[in-house]
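J.: no FASTA, just this:
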């Protein structure tokens, strides 16, 4: 079975604590869903993410 290629995802994370500034994070994952899941596991539910993969964002649709 071929191994899926990891992609670099960049995220901006805001917690429920309004006194904490947003945090920039880079994460490696095989898909957007996996990246979101990994961020949620690390930072907890209720955390707001802005998540993107620059390579996918530049691909024409």
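T.: Done, it's in. Everything numeric here is computed off the predicted structure, so don't read it as measured data.

J.: contacts and neighbour counts: CA atoms only from here.
T.: Noted.

J.: Strands along the protein, start to end?
T.: For the chain, strands defined by DSSP state E occupy the ranges 7-14, 23-29, 48-52.

J.: Same list (these) but as a markdown table, adding mean pLDDT, distance to residue 40 and mean neighbour count.
T.: Rendered in a markdown table, the data for these read as follows (pLDDT from 0 to 100; distance: least, C-alpha to C-alpha, whole Å; neighbours: other C-alpha atoms under 10 Å):
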| stretch | mean pLDDT | distance to residue 40 | mean neighbour count |
| --- | --- | --- | --- |
| strand 7-14 | 89 | 10 | 18 |
| strand 23-29 | 91 | 12 | 14 |
| strand 48-52 | 79 | 9 | 16 |
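
J.: could you dump those strands to CSV with distance to residue 42?
T.: Formatted as CSV, the strands of the chain follow (distance: least, C-alpha to C-alpha, whole Å):
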stretch, distance to residue 42
strand 7-14, 11
strand 23-29, 11
strand 48-52, 12
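
J.: List just the one of the ones you listed that sits closest to residue 36.
T.: For residue 36, the closest of the strands of the chain is strand 48-52, at 7.5 Å, according to C-alpha to C-alpha.

J.: Please name the strands paired to that closest one in the sheet, noting orientation.
T.: strand 7-14 (antiparallel) (DSSP bridges).

J.: who's in contact with the partner strand?
T.: Residues from elsewhere that reach strand 7-14 (C-alpha atoms under 8 Å, 6 or more residues apart in numbering): 20-32, 35, 47-54.

J.: ok, residues contacting the longest helix seen in the chain?
T.: In the chain, taking DSSP state H as the definition, the longest helix is helix 32-43. By C-alpha under 8 Å, 6+ apart, the surrounding residues in contact with helix 32-43 are 9, 27, 28, 29, 47, 51, 52, 53.

J.: Identify the residue nearest the first one in space, chain neighbours excluded?
T.: Of all residues beyond its chain neighbours, the one nearest residue 9 is residue 53 (4.6 Å), with distances taken as C-alpha to C-alpha, 6 or more residues apart in numbering.

J.: Please report the distance of the one you found from residue 17.
T.: 26 Å (C-alpha to C-alpha, to the nearest Å).
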